[in-house]
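Engineer: next input, structure requested:
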Amino acid sequence: MRRRTAIFSGGAAVAAALGYAGIEASGAAPGAVARLAPVGRDLARRDPSASPAARAVFAMLADLENDARAGRTTKTVIGQHVELHNELYNADYGDYRGVKPPGYYYRKAWDITGKFPGFVEIDLGPGYGQQGWGVDRPRPYSAAWPNHRAPWAYTDDAVDLAVGVWSGLPRAADGTYNTDGREPRSDGSASALPSNGGRPAGLVGMSFHQPWPGSPVKGYDETKRRNSPAVRDGDWITRLLTPGTADHEALLHDLSFVADHLAYLAAHDVPVLFRPYHEMNAGAQEGFWWSALAPDQYTRLWRTLYDYLVETRNLHNLIFVWSPNAWDHLHGSEPWDYYPGERYVDVVGVDDYSGSPQQPFQGGVWTKRWYDGLADYGKPRVMAESFHVPVNSAQPHTLDTTPWVLWTVWGQGLTQHNVTAPQGLNTPADVKATYDSPRTLTAGPAGDGQRWLALRQR
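Structural biologist: Residues are numbered from 1 along each chain as shown. Take a look at the predicted model:
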């Protein structure tokens, strides 16, 4: 771990010289144990034009991180990723056979616990095996990206769910397109997003499983490196990163798709924890097309996206999240050289599929290797993806030993059954224990509603 060694071996002076804010010396004695310095809480240090809402959300996350660093009792926001394209179009997805209503796994937490997640992450990629980014008819909120073909209509529900979590579902007529809680669909039917009582219900995030730029079909297969030009054209990534080339224009075209949706959220004052190009340290065979790049190629790709969204599109509602795979040398290698840089990242995290509460990685304290490994960046730390809830019968004290700022359960993992976990990856008792824990932040009438209302009324 080259980067960590550099910081710890030199103490505060070396850390400052290298531009790392996360470590300061705990004493003058040689060999003194380093302690974690507080993280900065003002998003405007990275983006002077950051929206007040985004600044308020980031300050909250930083405060939770600083409580943990100071050894104070703190809380973890419990999140749920929602794969709307799978919920709506994949009958084999989830905890029963058949398509699910949009926001099924957001609602599922309520069904089990009487509370909603305090964070929801949506995904506008990868698409669902359709040509292009959608055809035929304008969306209710974006004439630029039509949605009449059914397997693109999920993006309507994803964006509407995001607005509704931040603003309340159902919500008053606030200029957004769906105020009655019912979404007209391209096949003539209508679906209802889950009501959270009309109250603000927490934070919003977005990941982006981007198919390789220029791919005629947009689907999960096109996100994989093994199916991209990277495996047969050694110069493709170079062209992709070179302005003026056709491949670079294809990259910007794809980024304009996600930017238009982020711009809609910005126009309605919705801050977004945006998590692009994740799991970059996965191998070439199983990883996404942005995996297994040379580190300088990856950082250039991230900065191209950043400059396009922030500088070209003037999106200032974003909190940028960098999340490698757990560096267990099975799911991912050590990610340090892929870090995009201090001025391009606000939050650091990990996608952890390396073990389970019953069998932690290498028999250590569950998730602690990743939690400690991210400390040096001086950023709020999040569990960006996990199949498991943090409070469960096998690991009831996870949030005492690794008080992540945010913990997001991946989609169907909340109640998924499989051959290794016939009772489910998380039992209903585990989910309820997590949502009822005094160490977690949730939403809904029985959750931490006043916190989200106060945050929105900053």
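
Engineer: outline the domain layout of the protein.
Structural biologist: Using automatic domain parsing, the domain ranges for the chain come out as 1-37, 40-456.

Engineer: okay if I get these as TSV plus mean neighbour count and mean pLDDT?
Structural biologist: Quick note: C-beta positions are derived from backbone N, CA and C, even for glycine. Output for the domains of the chain, formatted as TSV (neighbours: other C-beta atoms under 10 Å; pLDDT from 0 to 100):
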stretch	mean neighbour count	mean pLDDT
domain 1-37	14	38
domain 40-456	20	89
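
Engineer: spell out the secondary structure type for residue 319.
Structural biologist: Using DSSP: H, G, I helix; E, B strand; the rest coil, the three-state assignment for residue 319 comes out as strand.

Engineer: measure residue 367 to residue 388 for me?
Structural biologist: Applying C-beta to C-beta, to the nearest Å, the value for residue 367 to residue 388 is 9 Å.

Engineer: which SS state does residue 366 fall under?
Structural biologist: Per three-state DSSP, residue 366 ends up coil.

Engineer: let me redo that: residue 163
Structural biologist: Classified using three-state DSSP, residue 163 is helix.

Engineer: need the contact list for the nearest residue to it once chain neighbours are set aside.
Structural biologist: Spatially, and ignoring its direct neighbours in sequence, residue 163 is nearest to residue 176 (5.2 Å; C-beta to C-beta, 6 or more residues apart in numbering). By C-beta atoms under 8 Å, 6 or more residues apart in numbering, the contact list for residue 176 reads 141, 160, 163, 167, 268.

Engineer: just the helices in the stretch 51-200 of the chain please.
Structural biologist: Remark: helices assigned in the stretch 51-200 of the chain by DSSP state H, counting those that start in this stretch are 52-69, 84-89, 104-113, 154-167.

Engineer: make a markdown table out of those helices and add distance to residue 299.
Structural biologist: Shown next, in a markdown table, are those (distance: least, C-beta to C-beta, whole Å):
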| stretch | distance to residue 299 |
| --- | --- |
| helix 52-69 | 22 |
| helix 84-89 | 29 |
| helix 104-113 | 33 |
| helix 154-167 | 28 |
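
Engineer: out of the ones you listed, which is closest to residue 405?
Structural biologist: helix 52-69 (4.6 Å; C-beta to C-beta).

Engineer: got the angle between the closest one and helix 154-167?
Structural biologist: Calculated by axes from the mean of the first three to the mean of the last three C-alpha atoms, to 10 degrees, helix 52-69 forms an angle of 70 degrees with helix 154-167.

Engineer: can you spell out which helices and strands pack onto helix 52-69?
Structural biologist: With contacts defined as 3 or more C-beta pairs under 8 Å, 6 or more residues apart in numbering; DSSP states H and E, the packing partners of helix 52-69 are strand 318-322, helix 449-456.

Engineer: alpha carbons of the first one, as PDB, please.
Structural biologist: Same thing as strand 318-322. Only the C-alpha atoms of strand 318-322 are listed here, as PDB (Å, rounded to 0.1, in the frame of the first residue of the first chain):
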ATOM      1  CA  LEU A 318     -23.200  16.800  -7.000                       C
ATOM      2  CA  ILE A 319     -21.200  15.100  -4.300                       C
ATOM      3  CA  PHE A 320     -18.600  12.900  -6.000                       C
ATOM      4  CA  VAL A 321     -18.100   9.400  -4.500                       C
ATOM      5  CA  TRP A 322     -15.200   7.100  -5.400                       C
END
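
Engineer: still on that earlier bit, for residue 314, see how far away the residue nearest to residue 163 is.
Structural biologist: Taking C-beta to C-beta, one finds residue 176 at 20 Å from residue 314.
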